[in-house]
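Student: Need coordinates for the following:
(one chain, ligands or ions: 1)
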Amino acid sequence: MELNSLLLLLLTALVCLTSSQDSCGNRPLVGPPGSSRIVGGRDAPEGAWPWQVSLQLLSIHTCGGTIINNLSVLTATHCFLKFWGRKRLFRVVAGLRELSTPGGHAQIRFISEIRSHKGYNHVTTENDLTLLLLSSPFNFTDHVQPACLPHDVRHEFILNFSHCFISGWGTSYYKGEHMNTLQEAEVELIDRRKCNLLSWYGGRITENMICAGLESGARDSCQGDSGGPLQCYSEDEERFYLIGVTSFGDKCGVPRRPGVYARTSRFADWLKTNQTASVSAANRLNTRLISALLSVVLMLF
Ligand code: 4AZ
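Tutor: Coordinates of the predicted model:
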């Protein structure tokens, strides 16, 4: 190979390595949401939710989760309550559509650390958030991508969301069976005051939670969707944000009892602090790769 083309190749690799950290919320295989129309869901197209993972206990799907960088997955704390400290029993599978046939795009990773929010309250389900640090990073591909996170509550307000979706392999009715193909459903964000009305959740919804679904209950998350994403598309930025983490609800698909989600914008500081270790590990890896590439370039001169 000529020196020029070798240099070009190395430079391209450098640009890819440095830019991969900033990209989020894009789905290379699927366009922006149309005006199309879990409970009341449909099969998700291939590559529709590339940040969605299946959290599996001894290979059995138990919860959803969302990739937020190549070494971190955000999920719900209540997914781990019965398995405290048993991180070795779990695996995280990305690039998946059908649970029974993972296919060539699936990537399996193990958990090096489970960081649950210290303020989790199992009575109120407040702070139902857990960050999983992975033992090795995901490779970002057309089928595996990170979602974006709002910087804070103000950012959540100005993002100008047009469409919000829930996704997961959870049951299609309460006490039903898990779905084999990833399901998706478009939902509406429901005002907290409305969701807290006596005939709805009667005051159980705090500022750290967000309700989403339909008043009729026709579209909802259900058992096994927990920990998975409530994702909204920003028309201005043309990408998806993780707005909520599936947390709880009164059964599934019940009128005036929509799904309740941990509101990520209210946990921005907690996320920044707790992601630090994994992001800096990823950065250290990239820095090492970049310096290795630079040394090769310098040696060639
Ligand atoms: C659950 O048990 C669960 N309808 C998740 C979401 C909802 C209800 C229950 C919301 O994991």
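Student: mind checking how far whichever residue of the stretch 201-301 of the chain sits closest to the ligand is from Asn160?
Tutor: Among the residues of the stretch 201-301 of the chain, Gly249 lies closest to the ligand, at 2.6 Å counting by Cβ to the nearest ligand atom. C-beta coordinates here come from the backbone N, C-alpha and C atoms, glycine included. According to Cβ to Cβ, to the nearest Å, Gly249 stands 27 Å off from Asn160.
Student: which one of these two has more residues nearby?
Tutor: Gly249 (27 against 11; other Cβ atoms under 10 Å).
Student: what number of residues lie near the residue lying closest to the more buried one once chain neighbours are set aside?
Tutor: Closest residue in space to Gly249, ignoring its immediate chain neighbours: Gly259 at 4.7 Å, by Cβ to Cβ, 6 or more residues apart in numbering. For Gly259, the count of nearby residues is 30 (other Cβ under 10 Å).
Student: Gly259 contacts Cys211, doesn't it?
Tutor: Yes - contact criterion Cβ atoms under 8 Å: Gly259 and Cys211 qualify, at 7.2 Å.
Student: wait, does stretch 46-59 make contact with the ligand?
Tutor: No - with Cβ under 6 Å from any ligand atom as the criterion, the ligand is not reached by stretch 46-59; the gap is at least 12.1 Å.
Student: and that stretch, what's its mean pLDDT?
Tutor: What stretch 46-59 shows for mean pLDDT is 97.
Student: Now do it: distance from first to last residue.
Tutor: 22 Å (Cα to Cα, to the nearest Å).
Student: Next, the buried residues of it.
Tutor: 47-57 (16 or more other Cβ atoms under 10 Å).
Student: can you give me how far it is from the chain middle?
Tutor: In terms of Cα atoms, centre = their mean, to the nearest Å, the centre of stretch 46-59 is found 9 Å from the chain centre.
Student: likewise stretch 235-244?
Tutor: 12 Å.
Student: And for it, what's in contact with it?
Tutor: Applying Cβ atoms under 8 Å, 6 or more residues apart in numbering, the contact partners of stretch 235-244 are 24-27, 32, 51, 66, 68, 74, 147-150, 156, 159-162, 164, 189, 210, 212, 229-234, 261-265.
Student: List only buried entries from those.
Tutor: 24-27, 51, 66, 68, 74, 147-150, 156, 159, 161, 164, 189, 210, 212, 229-234, 261-265.
Student: Just those residues: which are in strands?
Tutor: Judged by DSSP state E, strands contain the following of the buried ones among the contacts of stretch 235-244: 66, 68, 74, 161, 164, 189, 210, 212, 229-234, 261-263.
Student: Return only those of the residues you listed found close to the ligand.
Tutor: Answer for these near the ligand: none qualify (Cβ under 6 Å from any ligand atom).
Student: can you confirm Pro102 is in a helix?
Tutor: No - counting by DSSP: H, G, I helix; E, B strand; the rest coil, Pro102 is located in no helix; its state is coil.
Student: now it: how far from Asn160?
Tutor: Remark: distance between Pro102 and Asn160 (Cβ to Cβ) = 36 Å.
Student: ditto for Gly25
Tutor: Gly25 is 14 Å from Asn160, by Cβ to Cβ.
Student: Overlap of the contact sets of the two?
Tutor: Ser234.
Student: Any chance of the buried residues of stretch 46-59 in CSV with secondary structure and distance to Leu81 as columns?
Tutor: Converted to CSV, the buried residues of stretch 46-59 look like this (DSSP: H, G, I helix; E, B strand; the rest coil; distance: Cβ to Cβ, whole Å):
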residue, secondary structure, distance to Leu81
Gly47, coil, 32
Ala48, coil, 30
Trp49, coil, 25
Pro50, coil, 28
Trp51, coil, 24
Gln52, strand, 22
Val53, strand, 19
Ser54, strand, 19
Leu55, strand, 13
Gln56, strand, 17
Leu57, strand, 12
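Student: tell me which of these is nearest to the ligand?
Tutor: Of the buried residues of stretch 46-59, the one sitting nearest to the ligand (Cβ to the nearest ligand atom) turns out to be Leu55, at 12.1 Å.
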